[in-house]
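S.K.: here is a sequence with its predicted model. Questions after.
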Amino acid sequence: MADSGVNESLLPRILLGIFTLMHISREVSGRLCYCDPCEVGNTNNTCALREASKCFTAVQLVYEKNERIEIWSYGCLSPDEQTLLQCKGNLVPHTNPMSIECCDDADKCNYDLKPQYTERSTTPSSDLQYAMYNENVTRIALLISVTVCVIILIFTVAFVYLRYKRREVRRARYLEEAEACDTYIPPGESLRELIDQSSGSGSGLPLLVQRTIAKQIHLVKSVGKGRYGEVWKGKWRGENVAVKIFFTTEEQSWLRETELYQTVLLRHENILGFIAADIKGTGSWTQLFLITDYHEHGSLYDYLNENTLDSQEMLRMAHSIACGLSHLHTEIFGTKGKPAMAHRDIKSKNILVKKNGSCCIADLGLAVRFMSETGEI
């Protein structure tokens, strides 16, 4: 009887404790949330809202086979610091449009929530379009620039190559013609005798001699360098000659000076005597020769640096230089006359001293001719 009395006194206390715990739990959360889908154990599509938690309603738009499907979900959020962040999840861009709303002011308050999502646009924004446009323009400009540069490079290389080939063909033709010609220089005769036997026109030696003499010249030593090439002392049949070798890039200068030296009636004792012009080469390299008289004293500039002149020597040199200039400037009329010429580069380095102390004018590279018939220079 005593045991039954104890059990009867404990039962009300146990029931009171259970009721108290249920009341406390109810006070802590105080709310029920609508859930769909629900966790296992939840009934009537409800879930108990715990402390510091919220009810939520979420919607997500999903595209499947060109169809728009809205997926709705309801429930209770977990009671931690991520609750607030989850309730603001609609502020963050998502790959699939979605939105979420939260509440905790009444039971099943989330049942009537209708969160609104923003559908993604298939049209790029204006800023994105502008960026894409700039990127395309940059690519097109770069492509055009590279293409133009390549075309210019191809044309430049082709032009240089064709010019080089044309020059090589011209030189090869000169060499073939020179090899095909026999020299007209009789054995035992000197260069001075050949000059004395010329026609007297002043234009130099016969053409065939000019085109073959380079093969018979032995270069002894270099005696100076100029802006267009190098000057050598050479030997030809025992005679000293001066050989001006032009750089291969100065072919036009060689042609110009050769043409001036071959002017009719140019020969004068105070003008450097022209002997021949020739092209010598083996195919892989080419030398442009301008062959003149050799004067061992060299230029007036070097001579004055090494010697002191008396009045007679000075007058002789000045007179010879004046005579040479006068002959250059004088125009000779006739069937084969001489045009007036201007040296344009008179200086002591372009005047040579002869054995007898007189001078002769050299280096006609910058000289010009005045054609009185046409009034042209």
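M.R.: Now that the structure is in, tell me what you want to look at. Numbering: from 1, shown residues only.

S.K.: so which helix or strand takes in Pro115?
M.R.: Using DSSP states H and E, Pro115 falls within no helix or strand.

S.K.: how close does it get to Ala367?
M.R.: Relative to Ala367, Pro115 is positioned 98 Å away (CB to CB, to the nearest Å). Bear in mind the C-beta positions are built from the backbone N, C-alpha and C, glycine included.

S.K.: one more: Arg163?
M.R.: If you measure Arg163 against Ala367 using CB to CB, the figure is 26 Å.

S.K.: give me the more crowded residue out of those two.
M.R.: Ala367 (18 against 10; other CB atoms under 10 Å).

S.K.: measure that one to Ile361 for me?
M.R.: Going from Ala367 to Ile361 by CB to CB gives 10 Å.

S.K.: kindly report the same for Val40.
M.R.: According to CB to CB, Val40 and Ile361 sit 120 Å apart.

S.K.: Val368 pairs with what?
M.R.: Beta-bridge partners for Val368, by DSSP bridges, are Ala342.

S.K.: that one reaches Pro339, doesn't it?
M.R.: No. Assessed by CB atoms under 8 Å, Val368 is found out of contact with Pro339, at 9.5 Å.

S.K.: who's in contact with the residue sitting nearest the centre point of the chain?
M.R.: Residue closest to the mean C-alpha point of the chain, counted by CA atoms, centre = their mean, is Cys149 at 8.1 Å. Residues in contact with Cys149 (CB atoms under 8 Å, 6 or more residues apart in numbering): none are found.

S.K.: how far off centre is the helix or strand containing it?
M.R.: Secondary structure from DSSP H and E places Cys149 in helix 126-180. Offset of helix 126-180 from its chain centre (CA atoms, centre = their mean, to the nearest Å): 11 Å.

S.K.: show the pLDDT at Pro93.
M.R.: Pro93 carries a pLDDT value of 71.

S.K.: would you mind measuring from it to Gly41?
M.R.: To Gly41, Pro93 is 36 Å away according to CB to CB.

S.K.: also Phe159?
M.R.: Taking CB to CB, one finds Phe159 at 90 Å from Gly41.

S.K.: the more surrounded of those two?
M.R.: A direct count of neighbours by other CB under 10 Å for Phe159 and Gly41 places Phe159 higher, at 10 against 6.
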